[in-house]
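Student: Here's a sequence, model it:
(chains A and B)
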Amino acid sequence: MTRHLLKLVWNRKRSNALMILEICVSFLVVFVVATMGLFLLDNYRVPLGFEWKDVWNVRMGVGRNEANAGDAAAQQATLARLFQEVRSLEPVEAAAGSFVVPFDQGGWEGSYRVKGRNVDTGVDRATVGFDKVMGLRLVAGRWFEEPDATQSWEPVVIDQDLARAVYGTADPVGKALFDPRPDERPFRVVGVVSDFRKGGELLPNDNFLFRFSSLDHPEGQAFRNLLIRVRPGTPPAFEEALVKRMQGVAPDWSFEVRPLPQVRATAFRFFLTPLIVAGTVAFFLLLMVGLGLIGVLWQNLLQRTREIGLRRAAGASRASVHRQVLLEQLVLTSLGVLIGTLLVIQVPILHLIGVLSSQVFTAGLLVAMAAMYLLSVLCALYPSSLAARVQPAEALRYE
Amino acid sequence: MIHLQQVSKLYRTDRVETTALDNINLEIGKGEFISVMGPSGCGKSTLLNLMGLLDAPSSGSVALDGKAIDRYGDRALSRVRNERIGFIFQQFHLVPDLSVVDNVEIPLLYRRMSNKERRKAALAALDRVGLGSRTHHFPTQLSGGQQQRVAIARAIVGRPNILLADEPTGNLDSQMGDEIMGILEDLNQKEGTTIVMVTHDPRMADKTHRVVRLFDGRQVQ
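Tutor: Residues are numbered from 1 along each chain as shown, chains lettered A, B, ... in the order given. Presented below is the predicted three-dimensional model:
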């Protein structure tokens, strides 16, 4: 029967072409949406590398007087006083400075050379205590200490991804990192943390590098984010008290407090909104395609009423007719899916999207296939049951 | 072999009730070749549909080899049609998208047999009707007579012992009609196939063993 159906579908390829095209396009849309979703889900499953609950970020704007004067030392002194003030507050467990904020869309990307090849990595400058505030898990070495600022080399803490990329399985602690640049102190690894995913759960795990920012020995531009770990259950009202106290230390500075859960929620919305929009569009597309398929199948079966009558006369039971219509639809779906798959596998072959893992790609493909087969079967159920109910004597008379 | 007892068939619509067959009693023996004649609308095709288990009588009973089929379900009726009855239609009812040999294979698709066996039986049936050289043609590439031969091959491929032919020569010229009639006679004489043929053509009816005449749904002879 399968061979018979394949011949039938193949010989009707012209009349079936539109249906196959419709299935193929729907397959591609479902594949894109499913792959997007699975990509985010796959990222979500990987450990984040830090703890964001009960962490608040205070974004600081330098006061006009200090900014105009361009006095880095004055700014640094203000920062030190702010630190001292914040740490003295009862609900604050730990505080640290940082250039970039976890989950925030802004970032700092660096490209460094290692033995002639480029290594890209996310970068941050962080102060002593950042590891405590963010709950980082040190897997080797240590976090920064204030005496590191006076070394002839620049201390860095790297995450495990970067350690693997540069050193493979060797222990990186105490080793130089990257080929030295003429205008910078050479980097030396003092510690390794577990994978640090600054972008949050929905972004892929990338290399990350922490450089040291010292309050006592400022180098370069001062950090602008103060990350504070507050005691669990600290009420939102503390935000006002915190700003008030900071404002007391630096009256002409500005302070904007955003708890990390809030920053995280914004990041989630940023990544999930396109997926939800695409998913909604895909849902309605599938709905339209499904209704269209039912209509086309119904029309096809009406045109084939006499053939159905002939098959019934030749010994096909109602169940056989039902099965044949479903199988024909599955053969058509397989052709649409096959064409779609041939197009989709060009993505890895031509290296069009580098961030997709083969597991996510394969899972996206399987989800799209399953969705199309399910849609086809659901759409074929009603027309096929109508076809099965055709009375053979009436069908053979059908004009 | 085929026994119809007090068979009536009514068609009901919202307003009208039409009697297609009225109290038909008919016994057709094994190996008989009978023709059914009568004016258009007298119930010839309805009678053939009832004998072929394509339709159920409104009253009365139809029996094959002494077994009443009234209580058969769809699956059992389909099996009887598949194994014991072959149909030949005036409009041939060939599937245009299938080649000649694939059309002939259709009844065998509903039996448990391998592709090879099915193909072998279909080719033998086509040889039997003299179309062994046209197996891969499509129906539209054949003449009316050739298409009817394909339909006959399809009807006999499962080796049924009953052939029901609804005006098999109705769409053909006299020469082709004679050829088709020759094949049916040959099947009846050499293989003992029981044939019931509806026809308007007295010349064709004369070649059969017996003529059943219908008028307004009643058997008049």
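
Student: Next to chain A, which bits of chain B? Give me the list.
Tutor: Along chain B, the residues adjacent to chain A under the rule Cβ under 8 Å from any Cβ of the partner chain are B:45-46, B:49, B:52, B:54-55, B:74-75, B:78-79, B:81-83, B:87, B:89, B:91, B:93, B:95, B:97-99, B:102, B:105-107, B:109-111, B:115, B:154, B:158. No exception for glycine: its C-beta is placed from N, CA and C like everyone else's.

Student: So the residue in the stretch 251-399 of chain A positioned nearest to chain B: helix, strand or coil?
Tutor: Proximity to chain B, evaluated over the stretch 251-399 of chain A using Cβ to the nearest Cβ, is greatest for residue A:315 at 2.3 Å. When classified by DSSP: H, G, I helix; E, B strand; the rest coil, residue A:315 comes out as coil.

Student: Is it in contact with residue B:76, as I believe?
Tutor: No - with contact taken as Cβ atoms under 8 Å, residue A:315 and residue B:76 are classed as non-touching, separated by 11.3 Å.

Student: neighbour count winner among these two?
Tutor: With neighbours defined as other Cβ atoms under 10 Å in any protein chain shown, residue A:315 and residue B:76 compare such that residue A:315 has more, 24 against 13.

Student: What sits closest to the more buried one if chain neighbours are left out?
Tutor: Nearest in space to residue A:315, with sequence neighbours left out and distances taken as Cβ to Cβ, 6 or more residues apart in numbering or on different chains, is residue B:82 at 2.3 Å.

Student: ok, now residue A:28?
Tutor: In space, residue A:28 comes closest to residue A:340 once its chain neighbours are excluded; the distance is 5.3 Å by Cβ to Cβ, 6+ apart.

Student: and the one you found, that's in a helix?
Tutor: Yes - under three-state DSSP, residue A:340 sits within a helix.

Student: just checking, it touches residue A:32?
Tutor: No - contact between residue A:340 and residue A:32 fails when scored by Cβ under 8 Å: they sit 10.8 Å apart.

Student: So the two - more neighbours on which side?
Tutor: Neighbour count, other Cβ under 10 Å: between residue A:340 and residue A:32, residue A:340 has more, with 24 against 15.

Student: what sits against that one?
Tutor: Residues touching residue A:340, when contacts are defined by Cβ atoms under 8 Å, 6 or more residues apart in numbering or on different chains, comprise A:23, A:24, A:25, A:27, A:28, A:31, A:368.

Student: what mean pLDDT does stretch A:125-138 have?
Tutor: Over the span of stretch A:125-138, the pLDDT mean works out to 92.

Student: Now chain B against chain A: closest residue?
Tutor: The shortest separation between chain B and chain A is 2.3 Å, found at residue B:82 (distances taken as Cβ to the nearest Cβ).

Student: what's the next secondary structure element after the host helix or strand of that residue?
Tutor: For residue B:82, the enclosing helix or strand under DSSP states H and E is helix B:74-84. Once helix B:74-84 ends, the next helix or strand along the chain (criterion: DSSP H and E) is strand B:85-89.

Student: Counting by contacts, list what that next one packs against.
Tutor: helix A:305-313, helix B:144-156, strand B:162-166 (3 or more Cβ pairs under 8 Å, 6 or more residues apart in numbering or on different chains; DSSP states H and E).

Student: 7 Å instead?
Tutor: Contact analysis of strand B:85-89 by 3 or more Cβ pairs under 7 Å, 6 or more residues apart in numbering or on different chains; DSSP states H and E lists helix B:144-156, strand B:162-166 as its packing neighbours.

Student: What mean pLDDT does that strand get?
Tutor: Averaged over strand B:85-89, pLDDT sits at 90.

Student: Show me how far the helix or strand just after that strand is from its chain's centre.
Tutor: Using DSSP H and E, the next helix or strand after strand B:85-89 towards the C-terminus is helix B:100-105. Using Cα atoms, centre = their mean, to the nearest Å, the mean C-alpha position of helix B:100-105 is found 17 Å from that of the whole chain.

Student: Which helix or strand lies directly C-terminal to helix B:100-105?
Tutor: Taking DSSP H and E as the definition, the helix or strand that follows helix B:100-105 towards the C-terminus is helix B:115-128.

Student: Identify the residues contacting that next one?
Tutor: A:3, B:100, B:101, B:104, B:105, B:108, B:132, B:135, B:153, B:156, B:157 (Cβ atoms under 7 Å, 6 or more residues apart in numbering or on different chains).

Student: what is the rounded mean pLDDT of that helix?
Tutor: Averaging pLDDT along helix B:115-128 gives 91.

Student: swap in stretch A:389-399?
Tutor: For stretch A:389-399, mean pLDDT is 79.

Student: Same check on stretch A:319-327?
Tutor: pLDDT averaged over stretch A:319-327 gives 91.

Student: got the contact list for that stretch?
Tutor: By Cβ under 7 Å, 6+ apart, the list of residues contacting stretch A:319-327 reads A:5, A:301, A:308, A:311-312, A:377, A:380, A:383-385, A:387-388, B:110.

Student: what pLDDT does residue 145 get?
Tutor: Picked chain A for this. Each residue has a pLDDT score; the one for residue A:145 is 90.

Student: my question was about chain B
Tutor: The confidence metric pLDDT takes the value 84 at residue B:145.

Student: Are we agreed that residue B:10 is in a strand?
Tutor: Yes - counting by three-state DSSP, residue B:10 is located in a strand.

Student: quick one on the thing from earlier: just the CA coordinates for the helix holding residue B:82, please, in CSV.
Tutor: The C-alpha atoms that make up helix B:74-84 are tabulated as CSV, following Å, rounded to 0.1, in the frame of the first residue of the first chain:
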residue,chain,number,x,y,z
ASP,B,74,-18.7,-3.1,7.0
ARG,B,75,-15.5,-5.0,7.3
ALA,B,76,-17.1,-8.4,6.4
LEU,B,77,-19.0,-6.9,3.5
SER,B,78,-15.8,-5.3,2.2
ARG,B,79,-14.0,-8.7,2.4
VAL,B,80,-16.8,-10.4,0.5
ARG,B,81,-16.7,-7.7,-2.2
ASN,B,82,-12.9,-8.0,-2.4
GLU,B,83,-12.7,-11.8,-2.6
ARG,B,84,-15.9,-12.8,-4.4
